[in-house]
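Colleague: below are the sequence and a predicted model for it; my questions follow.
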Amino acid sequence: KAGVTQTPRYLIKTRGQQVTLSCSPISGHRSVSWYQQTPGQGLQFLFEYFSETQRNKGNFPGRFSGRQFSNSRSEMNVSTLELGDSALYLCASSITAPYNEQFFGPGTRLTVL
Amino acid sequence: AQSVTQPDIHITVSEGASLELRCNYSYGATPYLFWYVQSPGQGLQLLLKYFSGDTLVQGIKGFEAEFKRSQSSFNLRKPSVHWSDAAEYFCAVGVRYGGSQGNLIFGKGTKLSVKP
């Protein structure tokens, strides 16, 4: 069974631009969560989607948004990029409940210049 | 508030020596606990998990962890470290909000270096 895939793996943007990251969960997994990882703040929960609905959201500004499609694939979008948005963005999938066990993708490394 | 504390930011051990990484959590209900490992530039790989039952859980790569409710701890151990174990290790608690809603809260991580 294929693991969680994320595209692109690396991305360079400039301040003020917007970016869209994509995540394909493990087949049969309906829950997709997104995390931001930075050296200073560590791993922080962004949001979780299940059956195309956002079920849970972390403490991030509205510039961070996401969506999930009927095939469980998910995208997250960051608008008006700031330097502090430079991070590794990790996607994780689980069958139904994200607190049971999550499987992580390799991440997208976003650099904002 | 729910939280996970990993007191050691960086640990160095010699190859073949034993290892213990500490993790303390704060959560009001019975915790679901996890240890993940992350190699540089990679995602997180699940080493082991605790949901209930036997407080000593076995994981992959020869790792084990012991849940101690009285100490709110879930320490990770390995009897003999290999050079390939050098990585960053994250402890996490699964927070439940009702039904199947919830998310993972992670500690800040412990970076493990292995001396030859």
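Modeller: Great, that's in hand.
Colleague: residues from chain A in reach of chain B?
Modeller: Applying CB under 8 Å from any CB of the partner chain, we find that chain A lies next to chain B at A:4, A:31, A:33, A:35, A:42-43, A:45, A:48, A:50, A:55-56, A:58, A:90, A:92, A:96-107, A:109. Yep, even glycine has a C-beta here, placed from its N, CA and C like the rest.
Colleague: what's the pLDDT at the residue of chain B most remote from its centre?
Modeller: Each residue of chain B has a distance to the centre, and by CA atoms, centre = their mean the biggest one is for B:Gly99: 25.2 Å. Here, the pLDDT recorded for B:Gly99 equals 74.
Colleague: which residue does chain A bring closest to chain B?
Modeller: Of all residues in chain A, A:Tyr99 sits closest to chain B, at 3.1 Å by CB to the nearest CB.
Colleague: for stretch B:64-82, what is the average pLDDT?
Modeller: Averaging pLDDT along stretch B:64-82 yields 96.
Colleague: re earlier: quick check: the residue farthest from the centre of chain B vs A:Gly28, distance?
Modeller: Relative to A:Gly28, B:Gly99 is positioned 19 Å away (CB to CB, to the nearest Å).
Colleague: show me where chain A has strands.
Modeller: For chain A, the strands defined by DSSP state E occupy A:5-7, A:10-13, A:19-24, A:31-38, A:42-50, A:53-57, A:64-68, A:74-78, A:87-94, A:103-104, A:108-112.
Colleague: how about those in TSV, adding distance to B:Asn75 and mean neighbour count?
Modeller: Output for the strands of chain A, formatted as TSV (distance: least, CB to CB, whole Å; neighbours: other CB atoms under 10 Å in any protein chain shown):
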stretch	distance to B:Asn75	mean neighbour count
strand A:5-7	31	16
strand A:10-13	35	13
strand A:19-24	32	19
strand A:31-38	23	24
strand A:42-50	19	22
strand A:53-57	28	15
strand A:64-68	34	19
strand A:74-78	34	20
strand A:87-94	24	24
strand A:103-104	22	20
strand A:108-112	31	18
